[in-house]
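Student: Here is the input, now give the coordinates:
(one chain, ligands or ions: 1)
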Amino acid sequence: MANGKFPPGFLWGSSSAAYQIEGGAGEGGRGPSIWDRHCRIAGKTPNGETGDVAADHFHRWAEDIGLMTEIGLQAYRFSVAWPRVMPRGRGAVNPEGLDFYERLVDGLLAAGIEPWLCLYHWDLPLALNDLGGWANRDSAGWFADYVTVVARRLGDRVRHFATFNEQSVSTIFGYAYGGNAPMVADYPTYLKAVHHQNLAHGAAVDVVRAHVPGASIGVVHNRQPCHPETDTAENRAATATFSTHWNEVFPDPQVLGHYPAAVAGDFEPYVQAGDLARICRPLDWFGLNHYGPMFIRAEPNPLKCGFGANPPEDPPHPDVGWAIYPQAFRQELHDTADRYRLPIYVTENGCGNWEETVAADGRVVDKHRLSFLAAYTDAMAQAIADGVDVRGYFVWSLMDCFEWGSGYGNRFGVIYVDYADQQRRILKESAKWYAGLIRG
Ligand code: IFM
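Tutor: Model prediction:
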């Protein structure tokens, strides 16, 4: 077991995201986001699910902080919904939205839990999408204005800021292959969205530094090793291209100051003089989200080929829906540390399951998650013993929530949410195990 193998001061937390847990979509002056519209398009979620109510955290945040205390969490990463703070994305600020986050932050601090605030987790205000969304170069300025509002209001209490969560996921799904909001499938539009999100990241770092003395600033990226599904020349080429986009087109310019050589030419038409210096701003940490390796099968859209291919052998836990390879996590921690040379916080790691139920004795026995977390935290302990500078771990996710295109069927929480029974919360066996790990 990993217990006892972590350095003093190692931080244990959990992560969530606004659209996935808050609900209260039409309340408190919040404006619509691209996901509110997306969920209303027939077939985009299995049963027409939306984030309108989600886990009702908008109303139950105090109870949820109580559960975090029960688990013993030391930190909690949440995201601020841009459309709750600025309902149309720019211009008028919604004081009620800011009040909500202030109450949440104050509640966390009172409970001794460090708030880690992520400024963007995919819920772009719909009004900005109508202006081209991230494909509009002005988006970097819109984002900087929104970040200024958040930093001014919460910067006296929040020290840890992440600019973005998983930019490659939101831009590949949203602009390159069209599976998720805002459903664009166009390579040049995708390239623009990537570059403008990079500019927005750099601008946000500057804004937070200017308004929050002593801030600790990072960015959260999803990095997974990519392998050809079968060893053919087409699959090898597809793997190299996909991996560059999934793993590198954001962190390379943000941390190393250049786009990866293999695709730099594609970005050239959109990069203006001085842009890379605007993007590459000093960071305090790298947030790594890791789940498992990806297997690639060549197909005409090079950015769609990471989805649908099978691992070469059966995953040890087929019910999880993806392969479980803790040693790939250990390797990814090494690779990320070697490439970006920043202290690492694992800002997401965990597994989903479609089959979870409450047993007759009232417990939720999520054995598969427990073994997943034990194996992955062990692999992380090994990486630390190898010398990798990993400073904290945030399990994904605090509670069951809206899992984007999978709706509510795929549960990721260490806390069970009984949507049918008044949103009752139950600590799963994995939460109890995690509490023990933290205590240890
Ligand atoms: O639920 C998502 C989260 O929003 C981003 N990272 C992966 C999680 C599980 O799919």
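
Student: what's the next secondary structure element after the least confident helix or strand in the chain by mean pLDDT?
Tutor: Ranked by mean pLDDT, DSSP states H and E, the weakest helix or strand in the chain is strand 294-296, scoring a mean of 92. With elements assigned by DSSP states H and E, the helix or strand that comes after strand 294-296 is helix 326-340.

Student: now that next one: mean pLDDT?
Tutor: Throughout helix 326-340, pLDDT has a mean value of 97.

Student: which other residues reach the helix or strand harbouring W12?
Tutor: Secondary structure from DSSP H and E places W12 in strand 11-15. Strand 11-15 has contacts (CB atoms under 8 Å, 6 or more residues apart in numbering) with 68, 71-78, 113-114, 116, 345, 347-348, 391-398, 414, 434, 437-438. Just so you know, the C-beta spots here come from the backbone N, C-alpha and C atoms, and that holds for glycine as well.

Student: Which among these count as buried?
Tutor: Among those, those classed as buried by neighbour count (16 or more other CB atoms under 10 Å) are 68, 71, 73-78, 113-114, 116, 345, 347-348, 392-398, 414, 434, 437-438.

Student: which of the contacts of strand 11-15 come close to the ligand?
Tutor: Checking the contacts of strand 11-15 against the ligand by CB under 6 Å from any ligand atom, the ones in range are 348, 396.

Student: So which of the contacts of strand 11-15 belong to helices?
Tutor: Using DSSP state H, 68, 71, 434, 437-438 are the members of the contacts of strand 11-15 that sit in helices.

Student: Now tabulate these in TSV and tack on pLDDT and distance to V158.
Tutor: What follows is those, written out as TSV (pLDDT from 0 to 100; distance: CB to CB, whole Å):
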residue	pLDDT	distance to V158
M68	99	16
I71	98	21
Y434	98	24
L437	97	26
I438	97	22
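
Student: circling back: report the distance from the next helix or strand along the chain from the strand holding W12 to the chain centre.
Tutor: Using DSSP H and E, the next helix or strand after strand 11-15 towards the C-terminus is helix 18-21. Mean-position distance between helix 18-21 and its chain equals 11 Å (CA atoms, centre = their mean, to the nearest Å).

Student: Now helix 18-21: average pLDDT?
Tutor: For helix 18-21, the mean per-residue pLDDT is 98.

Student: show me what contacts the nearest residue to R330 once chain neighbours are set aside?
Tutor: Ranked by CB to CB, 6 or more residues apart in numbering and with sequence neighbours excluded, the top spatial neighbour of R330 is A379, at 4.2 Å. Neighbour list for A379: 326-327, 329-330, 333 [criterion: CB under 8 Å, 6+ apart].

Student: What's the PyMOL line that selects buried ones from those residues?
Tutor: Here is the PyMOL command that selects the buried residues among the contacts of A379 (16+ other CB under 10 Å):
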select buried, resi 326+329+330+333
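
Student: What is the nearest of the contacts of A379 to M294?
Tutor: Ranked by distance to M294 (CB to CB), these are led by F329 at 13.3 Å.

Student: What's the first helix or strand after the longest helix seen in the chain?
Tutor: The longest helix of the chain (DSSP H) is helix 187-211. Using DSSP H and E, the next helix or strand after helix 187-211 towards the C-terminus is strand 216-222.

Student: Having no further points to raise, I will conclude here.
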